[in-house]
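Student: Sequence plus the predicted model coming up.
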Amino acid sequence: MTVPHTAHDVEELCAAGTALYERALREGHVHTDEAGKAPCLVDFGLLHPAAEDLSVLEPVAPVVALHRLLRISGKRIADERRREDRLTTVFEPLMRITGRWTATTDTPAITTLSGTGPINEAITEAMSDATREILSIQTNAGRAGGRQEASEAVALPRDQAFLDRGGRIRVLYQHTLRHSPSVLWRYERLTGDVEARSLDELTDRLVAIDGAVAFLPANKDGTLALEVRHPALVGYFVTAFDRFWRLATPMYPVAVQRPSLNGVTPRQQAIAGLLVEGHTDAVIAERLGLNIRTARVHIAKLAETLGSESRAQLGYLIGRSGILDDSEQ
């Protein structure tokens, strides 16, 4: 599987970009097709099209590139300092107001975050001070990008920096993501104390950092989140995670195959438990992270395995089969 180029800053020039830039400096040019493996070189202005042949790229001298990048960096720093001055000017008179909402400087126990950007920034800031453990629950609802986690370009370096400080990451996924290429690729890119497990049913998404702060969604589309710092609530989330963790099946770094029982797969056992509770196909699909068509296929296979000819008979045969008794042990 070809690993896609991951976005990065110029001071973190990737290995492919470094190698290609070095060759361009030695040989005087590289072909434009080769730059596709390291588009960062063109983006950062380290390679540019040759005037006499647009099919090749010529390198910018390192001293010229460095001077230009330092000038850009200096301008950015000056802009930030001017922004700090403007913020101070705006907030200084506000801080002189006395009242209920201006007296405290304590961090609020619960804060509502609005928008993917602010949510990602809050998680990144909390992780920058973390050193012990990050717990995360990822469900099918979060497969569409940009909910509470940053894009891979931000999340992977952020996670790796935490692991490099000696931290530990534990992640729970729904079983439907157990063999997802994007999930497995993510862990192939990380080095350190990382472990992932999967479970049929999970709560909504959660990120808990060092047992001190937790982030959870505040609406269905993930554009609102709660940042929770109340010790009792964070402790509750950590305890709930640990109980899910003990029930879950390892999937990384060593995958464990869940056994079937009398021809009934673990997925079908989970569906059987929800069927006897009287849930509809739609509810079963939602709780197990499946689309409704896949859920119905599993139900049909379960009925065939148990020899059921109707929905009512299926519930009776599930009870007689003992598959639920076994799954609860």
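Tutor: It's in. Residues are numbered from 1 along each chain as shown.
Student: per-residue confidence averaged over stretch 193-209?
Tutor: Stretch 193-209 carries an average pLDDT of 90.
Student: so how far is the first residue of that stretch from its last?
Tutor: By Cα to Cα, to the nearest Å, the extent of stretch 193-209 from end to end equals 15 Å.
Student: list the buried ones in it?
Tutor: 194-200, 202, 205-209 (16 or more other Cβ atoms under 10 Å). No exception for glycine: its C-beta is placed from N, CA and C like everyone else's.
Student: before we move on, what about stretch 229-248?
Tutor: Arg229, Val234, Phe237, Val238, Phe241, Phe244, Trp245, Ala248.
Student: repeat for stretch 11-28
Tutor: Buried residues in stretch 11-28, counted by 16+ other Cβ under 10 Å: Leu13, Cys14, Ala16, Gly17, Leu20, Tyr21, Ala24, Leu25.
Student: One more: stretch 25-42?
Tutor: Leu25, His29, Val30, Thr32, Glu34, Ala35, Ala38, Cys40, Leu41, Val42.
Student: Not counting sequence-adjacent ones, nearest residue to the fifth one?
Tutor: Put plainly, it is Glu34. Leaving aside its chain neighbours, Glu34 sits nearest to Leu20 (6.3 Å; criterion: Cβ to Cβ, 6 or more residues apart in numbering).
Student: Identify the farthest-apart pair in the buried residues of stretch 11-28.
Tutor: The largest separation in those, counting by Cβ to Cβ, is between Cys14 and Leu25 at 16.5 Å.
Student: Walking through this protein, point out its strands one by one.
Tutor: Here the chain has its strands, by DSSP state E, at 30-31, 47-49, 56-59, 110-114, 133-138, 168-174, 193-199, 206-209, 213-217, 224-228, 249-252.
Student: which of these is buried the deepest?
Tutor: Most buried of these by mean neighbour count (mean count of other Cβ atoms under 10 Å) is strand 206-209; its value is a mean of 23.
Student: Neighbours of Met181, how many?
Tutor: Small correction: residue 181 is Pro, not Met. Applying other Cβ atoms under 10 Å, we find 8 other residues in the vicinity of Pro181.
Student: make that Ile284, sorry
Tutor: Here the count is done by other Cβ under 10 Å, and Ile284 has 22 residues near it.
Student: Which residue ranges of the stretch 201-329 of the chain form helices?
Tutor: Secondary structure of the stretch 201-329 of the chain (DSSP state H, counting those that start in this stretch): helices located at 231-247, 266-276, 281-288, 292-306, 311-321, 323-327.
Student: Nearest to Arg81, out of those?
Tutor: That would be helix 231-247 among the helices of the stretch 201-329 of the chain, by Cβ to Cβ, at 35.9 Å.
Student: which residues are in contact with the closest one?
Tutor: 109-110, 135, 137, 170, 172, 197, 199, 202-203, 206, 208, 211-214, 216, 228 (Cβ atoms under 8 Å, 6 or more residues apart in numbering).
Student: hmm, back to that, need the helices of the stretch 201-329 of the chain in TSV with distance to Leu163 and mean pLDDT, can you?
Tutor: Converted to TSV, these look like this (distance: least, Cβ to Cβ, whole Å; pLDDT from 0 to 100):
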stretch	distance to Leu163	mean pLDDT
helix 231-247	19	93
helix 266-276	30	79
helix 281-288	31	81
helix 292-306	34	82
helix 311-321	43	74
helix 323-327	34	61
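Student: Right, I'll leave it there.
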